[in-house]
Structure formats: structure tokens, C-alpha cells
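> Sequence and computational prediction follow.
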Amino acid sequence: METRIQVLSEDEKAQVHERTLKVLGTTGLRCDTEEGRRILQAAGADVDEATRRVRLSADLVESLLEQATTSFVVQGRRPGWSFPLGAGAFTLLADGGATSVYDAATGERRPTTWDDWRAATRLLDALDDVGFYWCPVDYAPDFEQPGGLVRYFTDVFAVFGKHVQDSFGTPELVPWLKELLDIVFGGPAEVRARMPLSFLITPTSPLTIERGFTQTWLGLRDYGLPVAVMPMPLQGATAPGSRLATLLTANVETIGTLCLVQAAAPGTPVMYAPVVATMDPRTGLYAAGAMEHAVLCVAATEMARWYGLPAESSGLCTQTYQPDLQTAWEKTGGGLLVTLSDPDVLVGPGLLGGATVLNLEQILLDVEVIRHARRARSGVPVRDDLWLDDVLERVGPSGSFLGERSTRTGVHAGEWRLSDFGVQGSWDAWQAAGAPGSMTAARERIAAILSQQVSLSYSDDQAAALAALQRRADAAS
């Protein structure tokens, strides 16, 4: 008995797909990359160059859907680490792009620094729950210059040893990234085999395949990197004013972009990754902690499963700007719901304020939320050896099971999840420890982790090659 949640019935998922085929065939998508339009036209799409409008027949969509690789394994630099997508596994993806940091020790919000980036990246690398990485804070203003791009990816692969997911909207930088990947991972064949980087394409809602990220991926497609397709329609703002229509918008944008990917490079591994969100009608802002957001992301995960695609979802969201009770209920409610929908990858640990504020303590708190949620997802295992009706018969009425061997066996076998975080013991024990709160405990845990975490070094040859690449990149910037 595993715990699961359902938003859409099988018939309703089929309806979403049928409506998607209708929209792609009649309304279509605007495709802002000329090369993308040529590729889709060659595949059989109807293309209007004057409006950049691309329409795809139902048969074309179905045939391109069939070409996507739906089960694949990604790796990183850490020896022996890998993660299978489309195989029922689950991992977290570190949320990214924060423009400020909330310092819980001082209670102040301040601009991010490189030291914040490094501390967050080292912490995320040390947490086995987190398998995928987005840059947690704005890295540097020169990121989309040759020097900044090479510096960033050199730093990332030196500090985070698992899978990196990233993107940039400057196609001219593709040769620099390819050369860096060749140095770090041993050449194009090794990059294709290990898939250490996945590329994020973010269609612009409503119904637009934007140029920058898409054109960049087109330049990278010969390296066989997986693609995550992540539109971000906002109910009532960049999507129509109903949850159902917002889900439809997300599906149209995701499937339409997937069709371009498959037409350009058949068999490219794809993650179905829309962030299906809602606005706050009182302000027009993204309502990060809204329950509607979590429910829509559950529905999106269900659509991914319906298509047989790996699901990258969102759920650990909050609108608050510091860790507090609202943060707890929004992240726990959303995180639990989306975890129960069984995605492959769940985005979100560490950020506040609608993904604009980083807090290191929140990274640990969010990981603990998801550990609880994963435990909830495990439900009640059913096996012959777990009924223990013979033990019930032996102990009988008014007995105690505390000393039973089966109880000890159950403890060691995982019948209890024994968290090592938070308050677990008596009042006296808690007082004797100084009555620590969750933030204090998290801060102490972070200090211990960072004191022991060791980043992956480059070999002498790699370091020399990367330094030479950096000098050329800086000169070209």
C-alpha cells in the first residue's frame, strides 16, 4: 500500500491531450527561432513566416512524441554517482536564481556574494537528497560573456559533483561550453555517455517558443544532452483564468517544444518540467505558496506519467521572506502533495520569497520536509512477514510488544523513520541541550557539514587546460 494522490482521472488526462492537439493544430505556437521554424517545417509543420506561427497536425505531434527517449541515466563528476530518470527514482533539484540572502543570524536581507554561492553549492553537494543543481543565487553579471560562462561552469563542476541543469540564452557561447565539457569530462563521446549536464528550455507563456535558450540548445544538440522543457504559465496573467486552462497552456507549450526538440534531434532525452503556477489576484504577483500552484504541479506530474516522460516538478514554494510558520505550512503542504504525485525530480529546497531569497538554514529544513513527505509516500508495506499475527496471538490482550524481537527487527528494518533533526526527546533533555530551536540546530548542522565537505579537484592537465581556456575567454569578453 503506497500513498498516492490523484488530481486527474485517466479520461481527464486524455482530454488534456486531445485539447492540446487541437490547440497545436489550430492556434499553434509562435516560434522565435528561425532555425527552429525551418526544422519544424521540414518535419511537416505548417509555418507562417510573417507571424512566426507554427501549427502541428495531430499525426505529426504523435509521431514526434514517440521519438523521445523516456528512460535514461544522468551522471556527474562524483565517481560512482548516477541517477536514473523514468525508472521510479526520486531526487531534489536545488532551486536557483535568488537575488538576495536572508541571514538568519542577523535577521537582515542583503545582496548575494560569491561566498554565498560557494557555501550553498557546497552544502547542496553534501546532501545526498539533492541530486540536481541549479545555481542557487545570481552568480555574476558577466555570466553570458565568454569569460563569465567559463568561470561559472569551471567553478560549478569543481564544487557540485552530481548532475547540473542549466541554460543560457546566448547561442554564441556554445563553443566555449563544449570545449569546457570536453576538458572536464574527457571529450564529446564521454559527455554523451555520461550526460552530466541537462539543458533547460523555457517557452514563454503564452504559447511562444522563445529564441535565446532554444537557439542555444540547437547549437548543443549534437552533444546529446537531456532537455528539460519548463514553461511557467501564470493563471490569470500569462495563462487563462482557470486552473484547467492553465494546465492546458502548460501542456501545449511543453509538448510543442518537445516536438521541436525531437524534430531537431530525434531521440533526445526529455524531461516534462512545466512550473504551472497562479497569480495572486489582489496584487498580480506570482503566488508562490498558493495551494493551487501545488495542485497544478501534481496534475502536470500526472500528465508526464501519462506521456511516459520523466517528471520534473515544483512544490517547495513559499511567498514568505524569512523562515516562519507560513513558510512551514506552505512548503510542507506543497512539498507533500507533489511528492505524493511521484515525480522523478522535485525543485525547491532553500529559497524564500517566490524563489528570490536564499537562506542556508532553509535548505536543511526543506530537505527534512521532503524526507517526511517521502516517508508518507511509502505508505504501509504489505508482506506476509509484516502481519505479525502470530506475535499478536502470543502476547494477547493487555500485553506489551516493547520487548518483542519483532519490534527490534522492525526498528532496524525501517518500520520507523528515526529523524536526527529537530526535537525528539523529553523536555528535560531539550532543556539540558540549551533548548535549541530549528534554526539554531540547522545552523550548527550546516557548520558541521561545511567543515567536512571536500570539493572535487581537477587533475593538473585539466586545471592547465581550463586556465588556458579562461584566458582566451576573458580576452574574448
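Arrived safely.
> Residue 167 contacts residue 197, doesn't it?
No - assessed by C-beta atoms under 8 Å, residue 167 is found out of contact with residue 197, at 9.7 Å. Placement of C-beta: from N, CA and C, glycine included.
> okay, those two: which has more neighbours?
With neighbours defined as other C-beta atoms under 10 Å, residue 167 and residue 197 compare such that residue 197 has more, 25 against 20.
> what about that one, distance to residue 187?
To residue 187, residue 197 is 14 Å away according to C-beta to C-beta, to the nearest Å.
> Please apply the same query to residue 394.
Distance from residue 394 to residue 187, by C-beta to C-beta: 64 Å.
> likewise residue 307?
Using C-beta to C-beta, we find residue 307 at a distance of 33 Å from residue 187.
> Could you do residue 374 as well?
37 Å.
> With residue 137 instead?
With C-beta to C-beta as the criterion, residue 137 and residue 187 are 31 Å apart.
> Pick out whichever of these two has more residues nearby.
Looking at residue 137 and residue 187 with other C-beta under 10 Å, you find the greater number of neighbours at residue 137, namely 22 against 11.
> who's the more buried one bridged to?
Judged by DSSP bridges, the bridge partners of residue 137 are residue 98.
> My read is that it contacts residue 358, right?
Yes - using C-beta under 8 Å, residue 137 makes contact with residue 358 at a distance of 5.4 Å.
> isn't there a helix covering residue 192?
Yes - assessed by DSSP: H, G, I helix; E, B strand; the rest coil, residue 192 belongs to a helix.
> what about it, neighbour count?
Residues near residue 192, counting by other C-beta under 10 Å: 13.
> Do a quick rundown of the strands in the stretch 201-350 of the chain.
Ranges of strands within the stretch 201-350 of the chain are 208-209, 227-229, 234-235, 270-272, 277-278, 312-314, 345-347, based on DSSP state E, counting those that start in this stretch.
> Out of those, which gets nearest to residue 149?
strand 227-229 (19.0 Å; C-beta to C-beta).
> tell me which strands and helices the closest one is in contact with?
Packing partners of strand 227-229 (3 or more C-beta pairs under 8 Å, 6 or more residues apart in numbering; DSSP states H and E): strand 197-201, helix 243-264, strand 270-272.
> Select, out of these, the one closest to residue 85.
strand 270-272 (6.7 Å).
> Packing partners of the closest one?
Using 3+ C-beta pairs under 8 Å, 6+ apart: strand 270-272 touches strand 227-229, helix 243-264, helix 291-307.
> coming back round to it: just checking, which of the helices and strands packed on strand 227-229 sits deepest inside the structure?
strand 270-272 (a mean of 29; mean count of other C-beta atoms under 10 Å).
> related to what we said a few turns ago, make JSON lines from the helices and strands packed on strand 227-229 and add mean pLDDT and distance to residue 132 to it.
Output for the helices and strands packed on strand 227-229, formatted as JSON lines (pLDDT from 0 to 100; distance: least, C-beta to C-beta, whole Å):
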{"stretch": "strand 197-201", "mean pLDDT": "98", "distance to residue 132": "8"}
{"stretch": "helix 243-264", "mean pLDDT": "98", "distance to residue 132": "18"}
{"stretch": "strand 270-272", "mean pLDDT": "98", "distance to residue 132": "10"}
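> can you tell which of those is closest to residue 472?
Residue 472 sits nearest to strand 197-201 of all these, at 20.9 Å, using C-beta to C-beta.
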